[in-house]
Structures are given as C-alpha cells and as structure tokens.
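Participant: with the sequence up front, the predicted model follows.
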Amino acid sequence: MMTTDTDDFLQRYLTNIRAQYDASPSTPYIDGVETKTVKVACRDGIQLTTDLYMPSTPGPYPTIVVRNPYPQQIELWRLHGEELAHRGYALVCQWCRGTYTSQGSWEPNVNERNDGEDLLYWLESQDQFASLALWGTSYLSLACWVLADITTPKVVSICANHYGTDRFSSAYQHGAFRSDVLTSWAMQNAGDTVEADYMQSVLHNPQICVDTDLWGTRLDWYRDWVSHPDADDPYWSEGFWGLLKGIPAKAKVPMFIQEGWFDHHLGSSLHSYEELNPEVKEHSWFRIGCWNHYFQNPLEGISPKNLNADEISETLEWFDLTVKQGKVPQKKVKFYEIGSDSWHRTSSWPPQSGAARQLEFFLDSSTNQIPAVHRLAAGALPTNQGAVEFDYDPRNPVLTHGGEALLATMDEIGAKIQDAPGQRQDIITFESAPLQSDVHIQGSISIDLYVSTSAPDTAFTAKLMCSDQNGAFRNYRTSITTIGAGTKSYVPGEVRKIRIEMWDISWMIPSGSVIRCDISSSDTPQYSVHTNFSGLWSKQDRTQIAHQKVLTGSKTPSCITFPVV
C-alpha cells in the first residue's frame, strides 16, 4: 500500500535511530543488557506479552514504559531497549491486546486505557522498577495519552509524540475524510491481511462498504469513522473519543509533546497542548519541528543545516531530568521556522506577542499570462468583478503531490516541487508579485473564497506555495472544505462564502519570492474524493461533474489571510 518499500524503510529508520543514540549527549556506561519476556494479566484475565530490557547491574531502575500494537516494530524496540539499558534505564515494552503474541482480540483504541492502567499497577508492585516515564509516537502516543489522567504514583512524566486527543481533527477537514491516514491505517490493521489495491480502496463507492467489498472483512470501527463527518456529531464527544478529548485538561504529570509541521496529527496535537491542564503545562515541553510523521526532512531538494530532525536527544534529556534526577521541569516551547532555518523559544504557541497583524492577498481573476495565471494582490482589493471557472470530475481527481495529512503515501509527504501552472484545466493558479521584504508567518493561514457550483454539494481545495531562488515552487500548506460544511443545504448556483482553514505553521517567505495559490476541488488520497452529491459521503455510490466558479472583486473579496509578525 505504501509508495516506499516497508522493509527497506524500516531498515533505514533503524539505522537513523541508532545514529541518533550514538550522537546524543547521553553516553552509554553499562555494558550488559538483560532481557526477559513475561505475561502480565489484565483485569479480565487476558495475558499480554511484555518484553523487559534491563541493565546488567542491580536495580531498581529508572524505567521507560511503552505499549505497542505493531509487531513489525520488534527490532526497533529491541534497539531502544538495548540502548536505554546501556544508559541505565529499564524498558518495558508491552504488546497490545490481540497483537504479536498477546492474548485477546485486537480492536483499535478502546482497550488501551484499561490494559494500560493494569500494566501500571503491575509495575507499582515490581521492586526492580523505580520511577516511570511513559513514551510513544503515533498509536504508541495514544497509549500514553489515555493514561495521562490516571497515572499511578511511580509515573513522573510522559513523552507523547505525533498524536493528539482531538480525534475528529485527525479524521476530517471540514467534511473531507483523511483517506491516506485512516483508510490506509484500517487496511494495515484490519486484523487479517488485506491484499486489495490501496488507491482502488480509497476511490471505492460507497466507501462504507469497502471493507466487505474489497478487504474481505467487516470493520465496524472503520464504518463508524466514515459515517460521522460533522465535528458536532455526538460520536466525537461521547464514548472513547469524548473521553480522550477531555484528558489533556485532567493530565496529572509533566508532558513532553513533540510535533512536526508535516505530521498528520499536528492539528490534533495543537489542540491537546492548548487544552493541557494549566498547572501541568507550566512544567511541560512542546517542540514543533520541520519533519514528517517519521521525523524525516520533508523539504524536497533542501537540506537545512539546523533542521535537527532528531527524536532521541531531547527525549533522553527529558528522561534524564524527570526519571533519573527526579526533577520537575519548567515550561519550554520551541518551534522551527521554515525558510529562515532557525529555532525559536517562546512561552506559548502561537507566541502571544506574535501574529499581531493580518496580511491579506486578494485573488484577482484578471490574467497575468498564458497559460492562465491570475493575480494575487497584496492588500489591494480588485475593483473589477470577475470569476474563474472550471469543471470538476470526481472520476478524474487531482492526485496528491505534497501535503501534510498523509501517512501511507510517504513519497508525497512534505513540501514537494510543483508542476508549472496549466497542467490541468481543473486547477486554477494565482500568483503574487515578488515580495519586497521577508514575510514571517506564525499561526493558521485561512483562505476565504466566494464560490458557486452546479452541484448540491462539492469541495474546494487550496495549496499554498512559494518560489525559491531558482524559481521552483514548493507547497507548504494544503487544505480543503466542502461547500455544505456546517450547513443543512446548498442551492446549486448560489454564491456562498467558504473558508479553507490550514494547520498552523511558522514559515518565512523571503524577499523576492512569489507566493502561489492553486485552487481545485480534489486532492486525493490526502482527502476523500467528493462525489458532488449531498448527503453522507461514505454512502454515495455515484458521481457527477460539477461546474465550479471562484468569484473575485470588491463585492466578492476572495482572499488569503496570513498571520504575520
């Protein structure tokens, strides 16, 4: 399913992690490592496989705790266990219910709170384990978050990377499903091997039946995900997802949260940090860098010297401070600014003193050149009314090339060099004049569009990019909205103002660069393909072509708003 060979990727990832340990200031000082596998009983009697890695010196040990559903990561956690043991830590790696050799049935998410709590109580009774820190990235981070408000006395801190507690933000963007994240994840974690073609699965209609139609197994939890595209739906505020969303405000121990500008959980993580218990936040760290879900450089053709896409060094610093030394950390917020290749310290995100003004670029439908490239006018509202029109056919969607809400299609994650304008009639392009000074963006960019469509519902996408010194354009933010998002109905032909909201970013666009914005109606597999029919998207089994209009001018001031410092 992935566009990069999984085994090759894992081996390169292991090599990278080993190099990060070797380069970290935390040096090994214990030669021997003792390993042991035990079974830990859950409250219902299910036995979960738990691997222990310990220094070959007498305990008790400062201990790192991980809960993992991915058997393909056995070698990775053996590496972590050995490296940590050489540095005086014990590592406890438990395999989630129904995965690897743990008993029970695998059902994502819902068992992690009880099973994790049972593991913590077992560790409380084990004399060889002293103070504990929970650690994880992605699903392993979920396994940390679900315990953050019910930690036991030995737990002193949590390091939770690349996951957030607002599940809706990770599943949908204004009515569009994040297919490359959750359809792919469902195929990889269905419990049985799924041989179906990935893109055929993403494009399958009706999507709610893709499990039985193509995958050979019914996944009720996936059907739930694709059936609730509204943020106000009780599904996201009740049950497990409601419980998860409320945990940050009740967290009990300091947290180190690491995120990346091109990680698909960024939006959810930002919400989790914002909602963090104020007392806990005063002793937590938040680090946002320019990397993807795998802590890799996402900037095609650019290798910034200060990128520091390293997940190990500061994690070891956190563990040393909280678990070994038993100290209470003080608040730290660090973020990387793309473009200037620089790191910054602040007391919050977005910085309270930042985003002091809004810089607007208005879309102008008058044409600059052939093929059609329309104007972006900085602060100047176009006086003439106009419109740019195109036809959108869901049977021929625009394929994702560069983006942040991606997981399976790894080769397309990040800021990719874009094609020249005019390659497709269903992508319309707007470009600014070269900037006269640097522009520093901090926060969330939004695009207000005045649009109409011939369909009862449809989608509009936006891709923001800037040129480099060689004239190549790379995307730095993408997003989508449906015309009916948040409303009950739309009358075809009606002019409606819609807003495309983008995830936060720190981005310097240097003087002399050109800002470019591409508007279309599809971006798949990053987002689900809109059929141009109204109603629940996942139950629609047909498509139709929609005639789209983007209006500009003083009466319909379509514009991009940048929060700048």
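Facilitator: Received, thanks. Numbering: from 1, shown residues only.
Participant: how's this structure carved up into domains?
Facilitator: Domains of the chain are assigned by automatic domain parsing as 6-168+232-346, 169-225, 357-564.
Participant: just put those domains in JSON lines and tack on mean neighbour count.
Facilitator: Heads up, the C-betas are built off the backbone N, CA and C, glycines and all. Output for the domains of the chain, formatted as JSON lines (neighbours: other Cβ atoms under 10 Å):
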{"stretch": "domain 6-168+232-346", "mean neighbour count": "19"}
{"stretch": "domain 169-225", "mean neighbour count": "19"}
{"stretch": "domain 357-564", "mean neighbour count": "19"}
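Participant: with mean pLDDT added, can I get those in CSV?
Facilitator: Conversion of the domains of the chain to CSV gives the following (pLDDT from 0 to 100):
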stretch, mean pLDDT
domain 6-168+232-346, 97
domain 169-225, 96
domain 357-564, 95
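Participant: tell me the secondary structure at G81.
Facilitator: Here G81 is recorded as helix under DSSP: H, G, I helix; E, B strand; the rest coil.
Participant: what's the closest non-adjacent residue to it?
Facilitator: Nearest non-adjacent residue to G81, counting by Cβ to Cβ, 6 or more residues apart in numbering: Y53, 2.9 Å away.
Participant: isn't that neighbour right up against E83?
Facilitator: No - assessed by Cβ atoms under 8 Å, Y53 is found out of contact with E83, at 9.2 Å.
Participant: so which elements touch the longest strand out of those in the chain?
Facilitator: When the chain is parsed with DSSP state E, its longest strand is strand 357-369. The elements that strand 357-369 packs onto, with contact taken as 3 or more Cβ pairs under 8 Å, 6 or more residues apart in numbering; DSSP states H and E, are strand 373-378, strand 386-392, strand 428-432, strand 515-520, strand 546-552, strand 559-564.
Participant: in a markdown table, list those along with distance to V202.
Facilitator: Shown next, in a markdown table, are the helices and strands packed on strand 357-369 (distance: least, Cβ to Cβ, whole Å):
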| stretch | distance to V202 |
| --- | --- |
| strand 373-378 | 30 |
| strand 386-392 | 17 |
| strand 428-432 | 24 |
| strand 515-520 | 17 |
| strand 546-552 | 20 |
| strand 559-564 | 29 |
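Participant: for those, which one sits closest to V529?
Facilitator: Closest to V529 of those, according to Cβ to Cβ: strand 386-392, at 9.9 Å.
Participant: show me where the stretch 251-400 of the chain has helices.
Facilitator: Secondary structure of the stretch 251-400 of the chain (DSSP state H, counting those that start in this stretch): helices at 266-274, 278-281, 313-319.
Participant: just put these in CSV and tack on distance to Q188.
Facilitator: As requested, those are exported to CSV (distance: least, Cβ to Cβ, whole Å):
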stretch, distance to Q188
helix 266-274, 20
helix 278-281, 33
helix 313-319, 25
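Participant: which one, of the ones you listed, ends up nearest to W95?
Facilitator: Using Cβ to Cβ, the helices of the stretch 251-400 of the chain put helix 313-319 closest to W95, at 21.4 Å.
Participant: packing partners of that closest one?
Facilitator: Using 3+ Cβ pairs under 8 Å, 6+ apart: helix 313-319 touches strand 129-137, strand 155-161, strand 255-262, strand 285-292.
Participant: sheet partners, orientation included, of the second one?
Facilitator: According to DSSP bridges, the neighbouring strands of strand 155-161, each with its direction, are strand 129-137 (parallel), strand 255-262 (parallel).
Participant: quick check: angle from that strand to strand 285-292?
Facilitator: Between strand 155-161 and strand 285-292, the angle comes out at 20 degrees (axes from the mean of the first three to the mean of the last three Cα atoms, to 10 degrees).
Participant: likewise the longest one?
Facilitator: Angular relation of strand 129-137 and strand 285-292 on a 0 to 180 degree scale: 40 degrees, by the same axes, to 10 degrees.
Participant: just grab the bridge partners of T561 for me.
Facilitator: E360, S446.
Participant: if we can go back for a sec, mind saving the C-alpha coords of the longest strand of the chain as PDB?
Facilitator: This file holds the C-alpha atoms of strand 357-369, laid out as PDB (Å, rounded to 0.1, in the frame of the first residue of the first chain):
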ATOM      1  CA  ARG A 357      -1.400  41.700  12.300                       C
ATOM      2  CA  GLN A 358      -3.100  40.100   9.300                       C
ATOM      3  CA  LEU A 359      -1.600  40.300   5.900                       C
ATOM      4  CA  GLU A 360      -4.200  39.900   3.100                       C
ATOM      5  CA  PHE A 361      -3.600  38.800  -0.500                       C
ATOM      6  CA  PHE A 362      -6.700  39.200  -2.700                       C
ATOM      7  CA  LEU A 363      -7.500  36.900  -5.500                       C
ATOM      8  CA  ASP A 364      -7.800  38.800  -8.800                       C
ATOM      9  CA  SER A 365      -9.300  36.900 -11.800                       C
ATOM     10  CA  SER A 366      -7.600  39.100 -14.300                       C
ATOM     11  CA  THR A 367      -4.900  37.100 -16.100                       C
ATOM     12  CA  ASN A 368      -1.200  37.600 -15.900                       C
ATOM     13  CA  GLN A 369       0.000  35.300 -18.600                       C
END
